[in-house]
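Trainee: build the 3D model from these lines:
(chains A and B)
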Amino acid sequence: MTDLDVEDRECISFTVSGNWAHFRRIDTTNDKQTYRVIPRTTAAGLIAAMLGLPRDSYYEVFSPENSAMSVELLSEVRTMQVPMLTLPTASGDITTAENVSGKTVIKTEEERKRRSFEYIRDPKYRIHVVLDDDQEEIREELKDRLGVEDGVTQPVYTPSLGKTECLAEIENPTVSEVEPLEDVEEIDSVVPENKIMPKASVSYSMERSPGYMSSEGRGRKTTGFVSYAYPKDGGSIEVSGVDAYLTDGSQVCFY
Amino acid sequence: MTIENRSEIVFLYDAEDCNPNGNPLSANDKPRIDEMTGEAVVTDVRLKRFIRDQLDDDGHGIYIRNPSKSPGEDVPEREGLFKRVTDTDDEDVEEMSAEDAAEAFLNNAADVRYFGATCSFSSDFQDKLGDDFPGQFIGSVQFEHGRSMHTVSPKTETKQLSTVVSTGEEAEQGTFATDNRLEYALIKFHGVVNENAAEDTKLTSEDVERLDSVIWRSIANQTLTRSKMGHQPRLYLRAEYETDDYHPGRLDDGVKRNDEGETDGSEYRNITDVTLNVDDLFEELEEDKDHLDEVHVCVDKYVTFDIDGEEVDNEGFYEELKDTVGEESVDIVEPYGDS
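Mentor: Residues are numbered from 1 along each chain as shown, chains lettered A, B, ... in the order given. Have a look, this model is predicted:
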């Protein structure tokens, strides 16, 4: 969870939507299933791509000390299976290339397998980002790239939702100040598990996805996961007694 | 020189009495259909296969060749693919620097310049290439999965096929299959050409110009097999922007059916049954006029448009486009010119 005190800080918000999304669940093997809510690490990657930052170069910016994020699900979750031919990933079929970190070797081209990818159809998320004071350069660049001032969005790399074929549209960027809220009964964003108290006759959809990363040698590793409840229909979640904030007109939880 | 401008692509083609993209996990390769909306779905991979095959036929080197276009036993490993496309042997590769190897690879594999590639070779071969040879090229041209613009109807009369499937030279086994087709599907694709990613894959402006005709011709020429017979390219539009790092992001949304809301389109059987409303597309292009460099466009003469409440054909579409963005900013692509 984030260590950043978000109160009174500047928050940059934008909406990202598309026809398709795929956020590969790391806990399944054959079927490539997807998380329902864009994982925090993927949102960080999306922002980094808009800024043109290279792979493995931005994890510190989005660390728990430097950043807080909140994601609102604005669309109803609907998925579709799209089978494709892929090269195998069963043990024995692939090996790690010696002395080359992060690179795998597949023995033959003949070993193609039919695999089913689960895609989200017509996804739409609102992402709120708070960055620490010493990340000012990044914040200014992000506002510029999003077109907060002039309304012209200018991402360096093509924004996508999880996979390159899931092209994304970036809309409605805003900057607002984060205000604390008291006694909220509904949250518009996803709610971290440790903040939610089960209520009678209210059901929650839950998932756990990667939250934080760090670079490791020539690759990267996940350093923290976030478990959260999300509104499956894209609405809000009934809660009681959570740390909530008002930003950009939404009642949200940061993580 | 790699490209300087970003482009956004809208591409429509249709499939009549055929199977635009079979689902390999279904019985008898049924067309992919979204059960909720009844729309047909065509993966980006399917479209890229058409394009790769056309590049191959046009005499350009490609990395990911079509197994069905090469003899059954000629299925090389990845290093073999690399050596074949660059026309090198182990010794050549060893002598080359990693940078030269990457350049040779990109120069000789047109599909990698467009769509990227994952290059995971054996550690031996990786050593020969040198550690700096990139493991992954991220494509500068990205397409979404395509969807039909309407609910599709599977053909009710299906055909039983008896086939002999050869699984090797000796093993031969007959089987029965059902031929699954759709009555009609008008499929819309959306893509982006990214000039920053082009630096990594060395995509040139010549490549992008070629894309304008290759896509069109690939749908016409690479669909001459039994299950794909009946494809026609209908509309291609590539908006090229001069403003750095700019593209509107949802240009495809501007092309709609004129009768949306009145019918789900499941009764469509032919392109003449559809009228396309492009008012929103022209509105978007008008708004983006200051960012635009040129609009490269090709429209089939059988398509009917509704523009400002008036029905026009492809000539009317071109005229309206010229009025909207300026005559000098419209480039009508001739797909059967120089390839």
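Trainee: where does pLDDT dip in the stretch 101-250 of chain A?
Mentor: A:101-112 (pLDDT under 70).
Trainee: switch to 80 and redo it
Mentor: A:101-114, A:198-202, A:217-219 (pLDDT under 80).
Trainee: what's the answer for the stretch 201-339 of chain B, then?
Mentor: B:337-339.
Trainee: residues from it in reach of chain A?
Mentor: B:243-247, B:249-250, B:291 (CB under 8 Å from any CB of the partner chain). C-beta: built from backbone N, CA, C; applies to glycine.
Trainee: in CSV, list these along with secondary structure and neighbour count.
Mentor: Formatted as CSV, these follow (DSSP: H, G, I helix; E, B strand; the rest coil; neighbours: other CB atoms under 10 Å in any protein chain shown):
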residue, secondary structure, neighbour count
B:243, coil, 15
B:244, coil, 13
B:245, coil, 19
B:246, coil, 19
B:247, coil, 27
B:249, coil, 22
B:250, coil, 19
B:291, coil, 19
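Trainee: tell me which two in these are the farthest apart.
Mentor: Spatial extent of those (CB to CB) is set by the pair B:244 and B:250 at 19.7 Å.
Trainee: count of neighbours near residue B:183?
Mentor: 18 (other CB atoms under 10 Å in any protein chain shown).
Trainee: is it in a helix, a strand, or coil?
Mentor: strand (DSSP: H, G, I helix; E, B strand; the rest coil).
Trainee: again with residue A:245
Mentor: Going by three-state DSSP: residue A:245 is strand.
Trainee: quick check: beta-bridge partners of it?
Mentor: Beta-bridge partners recorded for residue A:245 (DSSP bridges): residue A:180, residue A:252.
Trainee: so it sits against residue A:252, correct?
Mentor: Yes - between residue A:245 and residue A:252 a contact is recorded at 5.8 Å, counting by CB atoms under 8 Å.
Trainee: let me see the contact set for residue A:170.
Mentor: A:14-16, A:50, A:146, A:153, A:155, A:159, B:249 (CB atoms under 8 Å, 6 or more residues apart in numbering or on different chains).
Trainee: in CSV, list the residues of the stretch 201-339 of chain B next to chain A along with distance to residue A:178.
Mentor: Shown next, in CSV, are these (distance: CB to CB, whole Å):
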residue, distance to residue A:178
B:243, 32
B:244, 32
B:245, 29
B:246, 30
B:247, 31
B:249, 27
B:250, 30
B:291, 33
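Trainee: work out for me the element residue B:238 sits within.
Mentor: strand B:231-241 (DSSP states H and E).
Trainee: residue B:105 now?
Mentor: helix B:98-108.
Trainee: quick one: residues contacting the residue nearest the centre of chain B.
Mentor: In chain B, the C-alpha nearest the mean C-alpha coordinate belongs to residue B:47, at 3.6 Å (CA atoms, centre = their mean). Listed by CB under 8 Å, 6+ apart, the contact set of residue B:47 reads B:143, B:146, B:189.
Trainee: from these, which are also near chain A?
Mentor: Okay, of the contacts of residue B:47 touching chain A (CB under 8 Å from any CB), that's residue B:143.
Trainee: and the contacts of residue B:47, which is closest to chain A?
Mentor: The closest of the contacts of residue B:47 to chain A turns out to be residue B:143 (CB to the nearest CB; 6.3 Å).
Trainee: what about that closest one, neighbour count?
Mentor: Neighbour tally, residue B:143, other CB under 10 Å: 26.
Trainee: can you give me the strands for the stretch 151-255 of chain A?
Mentor: A:168-177, A:179-181, A:186-187, A:191-192, A:205-216, A:219-230, A:237-238, A:244-247, A:250-252 (DSSP state E, counting those that start in this stretch).
Trainee: export those to TSV and tack on distance to residue A:117?
Mentor: Shown next, in TSV, are these (distance: least, CB to CB, whole Å):
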stretch	distance to residue A:117
strand A:168-177	17
strand A:179-181	39
strand A:186-187	31
strand A:191-192	28
strand A:205-216	17
strand A:219-230	21
strand A:237-238	28
strand A:244-247	34
strand A:250-252	30
